[in-house]
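**Q** Here is a sequence together with a model predicted from it:
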Amino acid sequence: MSVRGIVRRELFPIAGVFTISRGSRTVAEVVSVELIDGAHRGNGECVPYARYGETQEGVIEEIERWLASGGGTREALNAEMKPGAARNALDCAFWDLEAKRAGKRVWELLGLAAPGPEITAYTLSLASPEEMEAKARENAHRPLLKIKLGGGEEDLLRLRAVRRGAPGAAIIVDANEGWTLDLYAEIAPLLLELGVAMVEQPLPAGEDAPLLGADRPLTVCADEAAHDRASLEGLIGKYDMVNIKLDKTGGLTEALELRNAAAAAGLKVMVGCMIGSSLGMAPATLVAQGAAFTDLDGPLLLARDRRPGLLYDAQGVHPPAPELWG
């Protein structure tokens, strides 16, 4: 059965400037999809990511082309469209639509236990040590901070500054492909002394062969190197953990499969996000259940979010209300 779809280009202002080693942003550019089947409507959101050659315009064109082809099921979608942002928005919209058709929650359709809140990281973007210390102090009440690093000489200064600002928080770091193996080997012991629990993607995804069999005293998580199950084999022996993002897997369907496959391969699981609204984070809360780390703070970094949005409190990020998704 074919469904009608409405595709929207949306902009959400970021609270301040968000900086990583590849550049800075002040706006989150998302694409949302609304699938319509009679009285039922299903919604999904994706974040096109330039690192993977995606743009808002290209993703919209990809979604509209698939809808115009007459495809009408989630199964057909996952067979016909490659992983990525476009498929993510459609896949999550299909899950929302299926839940509304059935009058059930998505986790019930999947046969999963009802999800609960998960502690999420709060990300401090790349800045001077002084600025990052001030930001850490503002967020010292949060149990888990994620620190963006740049691979330069100031990285250790930044981390020491963050630790001063938030002495009680757990810390994970994201190098965004900015390190070498030699740099990792040099600073990993120092990061452990500072209480850092894990580093994401220290080496560039296409140049991570040196990690194979290397001594990894500090847990190494694959991010840019991890997409869907097809990428999993190339991670084994190089990484200890995989960061699952729905914009990379191409939706909730593949994200759940990747979670199971990663666990079977002996890899721990982190569930992350691009910077988007609560609609984009909502399906990922299902994948995050029991994850080693959850990083679904996208809405917390925005100047405004959708209404209703996800609930964030001392227990973490809560599963979505049905009015939002699923």
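**A** Received it, and whenever you're ready, just let me know what you need.

**Q** hang on, Val173 in a strand?
**A** Yes: with DSSP: H, G, I helix; E, B strand; the rest coil as the criterion, Val173 is located in a strand.

**Q** residues touching it, list them.
**A** Lys146, Ile147, Lys148, Leu149, Leu159, Leu191, Val196, Met198, Val199, Glu200 (Cβ atoms under 8 Å, 6 or more residues apart in numbering). In short, each C-beta sits where N, CA and C put it, glycine included.

**Q** residues near the last one, how many?
**A** Burial of Glu200 is recorded as 27 neighbouring residues (other Cβ atoms under 10 Å).

**Q** just the second one next, same as before
**A** Around Ile147 there are 26 other residues, counting by other Cβ under 10 Å.

**Q** Also the fourth one?
**A** Counted with other Cβ under 10 Å, residues neighbouring Leu149 total 25.

**Q** Mind checking which of the contacts of Val173 are in strands?
**A** Lys146, Ile147, Lys148, Val196, Met198, Val199, Glu200 (DSSP state E).

**Q** Make a markdown table from the residues you listed and add pLDDT to it.
**A** A markdown table is the format used below for these (pLDDT from 0 to 100):
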| residue | pLDDT |
| --- | --- |
| Lys146 | 97 |
| Ile147 | 95 |
| Lys148 | 90 |
| Val196 | 97 |
| Met198 | 98 |
| Val199 | 97 |
| Glu200 | 97 |
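
**Q** Tell me where the stretch 101-250 of the chain has helices.
**A** Using DSSP state H, counting those that start in this stretch, the helices of the stretch 101-250 of the chain run over residues 106-110, 129-138, 155-165, 181-193, 246-249.

**Q** so which of the ones you listed gets nearest Tyr49?
**A** Of all the helices of the stretch 101-250 of the chain, helix 246-249 sits nearest to Tyr49, with 6.3 Å by Cβ to Cβ.

**Q** And for stretch 222-238, what's in contact with it?
**A** Against stretch 222-238 from outside (Cβ under 8 Å, 6+ apart): 51, 83, 174, 176-177, 200-201, 204-205, 208-209, 211-213, 220, 239, 241-245, 248-250, 254, 257-258, 261-262, 265-267, 272.

**Q** quick check, nearest of the contacts of Val173 to Ile63?
**A** Relative to Ile63, the closest of these is Glu200; by Cβ to Cβ it sits at 28.5 Å.

**Q** so that closest one touches Asn243, yeah?
**A** Yes: Glu200 is in contact with Asn243 according to Cβ atoms under 8 Å; the separation is 6.1 Å.

**Q** circling back: could you dump the helices of the stretch 101-250 of the chain to a markdown table with mean pLDDT?
**A** Shown next, in a markdown table, are the helices of the stretch 101-250 of the chain (pLDDT from 0 to 100):
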| stretch | mean pLDDT |
| --- | --- |
| helix 106-110 | 98 |
| helix 129-138 | 96 |
| helix 155-165 | 95 |
| helix 181-193 | 94 |
| helix 246-249 | 98 |
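
**Q** Buried deepest among the ones you listed, which one?
**A** Most buried of the helices of the stretch 101-250 of the chain, by mean neighbour count (mean count of other Cβ atoms under 10 Å): helix 246-249, with a mean of 29.

**Q** quick one: that helix to chain centroid distance?
**A** Centroid separation for helix 246-249 versus its chain: 8 Å, with Cα atoms, centre = their mean, to the nearest Å.

**Q** moving C-terminal of it, what's the next helix or strand?
**A** Later in the chain than helix 246-249, the nearest helix or strand by DSSP states H and E is helix 252-264.
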